[in-house]
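Chemist: below are the sequence and a predicted model for it; my questions follow.
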Amino acid sequence: MAVVLPVFNQVDYTRGCLESLAADIAGGVELIVIDNGSTDGTDAWLSSLDHAKIARNETNLGCAKAWNQGVRLSTREWTVIMNNDVIVAPGWLEGLLAFARQTGAEIVSPAIREGPLNYPFREYAADFMRRMGGVHRWGLANGICFMVRRRVFEAVGSFDENFRVGQFEDADFFLRAKLAGVKMATTGGAFLHHFGSVTQKAIRQTPPSGGGRAYDAENRAYYRRKWGLNRLRRLGQRWRQKTRNWRQRTTERLRHGHSLYEKWIGGRLRYF
């Protein structure tokens, strides 16, 4: 197993992420960190690590290019690609791998709670995985964290580097995988906390790095052109997705008290 972690500044979040991965790294997980032109001391801190493959870019080359760099450096059958503003629960990798072995899935994401860390993480995660271990959603993966079998890259290709900075490169890859017949799912047998697009938010506030919000619109437009998504097709897709998600999250909450994607918004926990 390899873990690919692209980073751009936010050294404190990177440190917290790697601390949560410490047991996995000690157990033999191959850690690959792509430093996408950090300027906040991330490079110096990474230099102190003796258990990671580190690639440094002079400037921020974007998410897709960093992911591709990491995949090329990986020597393992399975590679997890994940954000640096996350912390993972004990047993999360075992949960992802167990689900893949049991079902034949070749792209697997964990369940996610997003927002402030305002709850007892380890206890919550353990209870969540106990309740939700048998729950999954086919056809759904999340760019925050996803595990991919090596043969998937051989079958569908690498991440499309025409997507600038970040946004939509994950949706594009998942769609290509789906069209190629790759089994993909999110499982409740693995859990992590996501603080909430910390790096993307920082980039949007720093025009020299991200060009403001322009790249969001550019990537969206490129994705729609690439897949021929006119307004009618987009509306149809959005309606089907909302209907499916409503049905799945409602069933999950009624049966287990959780959903596979939870987010703290407006002072309360919401379910998606």
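Modeler: Here it is on my side, so go on.
Chemist: make it CA atoms for all contacts and neighbour counts henceforth
Modeler: OK.
Chemist: these two touch, right, E58 and I34?
Modeler: No - E58 lies out of contact with I34 (CA atoms under 8 Å); the separation is 11.1 Å.
Chemist: who has more neighbours out of the two?
Modeler: Neighbours per residue, other CA atoms under 10 Å: of E58 and I34, the larger number sits with I34, 23 against 10.
Chemist: show the pLDDT at the more buried one.
Modeler: As predicted, I34 sits at a pLDDT of 97.
Chemist: spit out the contact partners of it.
Modeler: I34 makes contacts with 4-7, 54-57, 66, 69-70, as judged by CA atoms under 8 Å, 6 or more residues apart in numbering.
Chemist: list the contacts of the one helix or strand F99 maps to.
Modeler: Assigned by DSSP states H and E, F99 belongs to helix 92-103. Contacts to helix 92-103, defined as CA under 8 Å, 6+ apart, come from residues 24, 105-110, 147, 187, 189-192.
Chemist: spatially nearest residue to D172, not counting backbone neighbours?
Modeler: The shortest distance from D172 to any residue other than its chain neighbours is 7.1 Å, reached at Y223 (CA to CA, 6 or more residues apart in numbering).
Chemist: ranges for the strands of the stretch 51-200 of the chain?
Modeler: 52-57, 78-82, 86-88, 107-114, 136-138, 145-149, 184-194 (DSSP state E, counting those that start in this stretch).
Chemist: show me how far stretch 98-112 is from its chain's centre.
Modeler: With CA atoms, centre = their mean, to the nearest Å as the basis, the distance from the averaged C-alpha position of stretch 98-112 to the chain average is 14 Å.
Chemist: per-residue confidence averaged over it?
Modeler: When pLDDT is averaged over stretch 98-112, the result is 98.
Chemist: pull out the buried residues from that stretch.
Modeler: Buried residues in stretch 98-112, defined by neighbour count with 16 or more other CA atoms under 10 Å: 99-100, 105-112.
Chemist: of those residues, just say which sits nearest to Y13.
Modeler: Taking CA to CA as the measure, I112 is the one of the buried residues of stretch 98-112 closest to Y13, at 16.6 Å.
Chemist: quick check: the gap between that closest one and Q237.
Modeler: According to CA to CA, to the nearest Å, I112 stands 23 Å off from Q237.
Chemist: what's the first helix or strand after the helix-or-strand element of the chain with minimal mean pLDDT?
Modeler: Of all the helices and strands that make up the chain, the one with the lowest confidence by mean pLDDT, DSSP states H and E is helix 207-210; it has a mean of 49. Along the chain past helix 207-210, the next helix or strand (assigned with DSSP H and E) turns out to be helix 214-227.
Chemist: quick one: mean pLDDT for the helix or strand that that following helix is followed by?
Modeler: Next along the chain after helix 214-227, taking DSSP H and E as the criterion, comes helix 231-256. Per-residue pLDDT over helix 231-256 has a mean of 96.
Chemist: chain center to helix 231-256: distance?
Modeler: Its chain's C-alpha centre and that of helix 231-256 lie 20 Å apart, by CA atoms, centre = their mean.
Chemist: that helix: which residues count as buried?
Modeler: Neighbour counts using 16+ other CA under 10 Å place 248-250, 252 of helix 231-256 among the buried residues.
Chemist: how far off helix 214-227 does it point, in degrees?
Modeler: Helix 231-256 runs at 100 degrees relative to helix 214-227, counting by axes from the mean of the first three to the mean of the last three CA atoms, to 10 degrees.
Chemist: give the pairing partners of the next helix or strand after helix 231-256; include direction for each.
Modeler: The helix or strand immediately downstream of helix 231-256 is strand 261-265, counting by DSSP H and E. Each strand paired with strand 261-265, and its direction, by DSSP bridges: strand 107-114 (parallel), strand 268-271 (antiparallel).
Chemist: since that was my last question, I'll sign off now.
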